[in-house]
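K.L.:
Okay, here's the prediction I keep looking at, along with the sequence it came from:
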Amino acid sequence: MNASMLSYIILSGLLLSVQAQCCCFSEIIRFTNHLLGKSSVSCPCRETPVSSCSCLPIAEPGYELACFVEGTKHMMQNNVSSNELQVITLLNRSFQTQLERKMCESLARGDQCQYKTKGNVKEFLNEILRTYQAINK
């Protein structure tokens, strides 16, 4: 087992244990900031989508967790580096756990993602960041 995998396992366990008690905003903010620092994709999703652009759901209020699960799942399946994949996988599991356990009730009114617009990766990550920073206040 390499060091990267071991750190991933330890981090996963820590993240899941913390999630059992709270909305887990600080870890999500940190991981999202990490991904934003790596993301340079800023293609236009509100116009005709470009085939190489990942257009992800920008959630309606109350459906954030379901949309964050859907969006991070899409990101996991589409051309990310192995380091980014680990972070996105952690975020996806965190959102799934919060949704399943109804931990962040204001973000989980429904299990299905509802949205009116889509955004590129940067817009999607910024939406996650704004949402969890609001919880942090």
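P.N.:
Cool, the structure landed.
K.L.:
Could you use CA atoms for every contact and neighbour count after this?
P.N.:
OK.
K.L.:
Show me where this structure has its strands.
P.N.:
56-59, 115-119 (DSSP state E).
K.L.:
Tell me the strands beside the first one, with direction?
P.N.:
Put plainly, it is strand 56-59. Paired neighbours of strand 56-59 in the sheet (DSSP bridges): strand 115-119 (antiparallel).
K.L.:
for the protein, which helix is longest?
P.N.:
helix 82-100 (DSSP state H).
K.L.:
gap between it and the chain center?
P.N.:
7 Å (CA atoms, centre = their mean, to the nearest Å).
K.L.:
Run through this protein and note the low-pLDDT ranges.
P.N.:
1-24, 40-42, 46-52, 79, 137 (pLDDT under 70).
K.L.:
and the longest helix of the chain, what other elements does it pack with?
P.N.:
helix 3-19, helix 25-38, helix 64-77 (3 or more CA pairs under 8 Å, 6 or more residues apart in numbering; DSSP states H and E).
K.L.:
quick one: that helix to helix 64-77, angle?
P.N.:
150 degrees (axes from the mean of the first three to the mean of the last three CA atoms, to 10 degrees).
K.L.:
could you give the angle of helix 82-100 to helix 25-38?
P.N.:
Using the same axes, to 10 degrees, helix 82-100 lies at 150 degrees relative to helix 25-38.
K.L.:
got the buried residues for helix 82-100?
P.N.:
84-99 (16 or more other CA atoms under 10 Å).
K.L.:
ok, back up a step: got JSON lines for the strands of the chain, with mean neighbour count and distance to A134 too?
P.N.:
Listed next are these as JSON lines, based on neighbours: other CA atoms under 10 Å; distance: least, CA to CA, whole Å:
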{"stretch": "strand 56-59", "mean neighbour count": "24", "distance to A134": "15"}
{"stretch": "strand 115-119", "mean neighbour count": "16", "distance to A134": "19"}
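K.L.:
Nearest to M103, out of these?
P.N.:
Closest to M103 of the strands of the chain, according to CA to CA: strand 56-59, at 17.6 Å.
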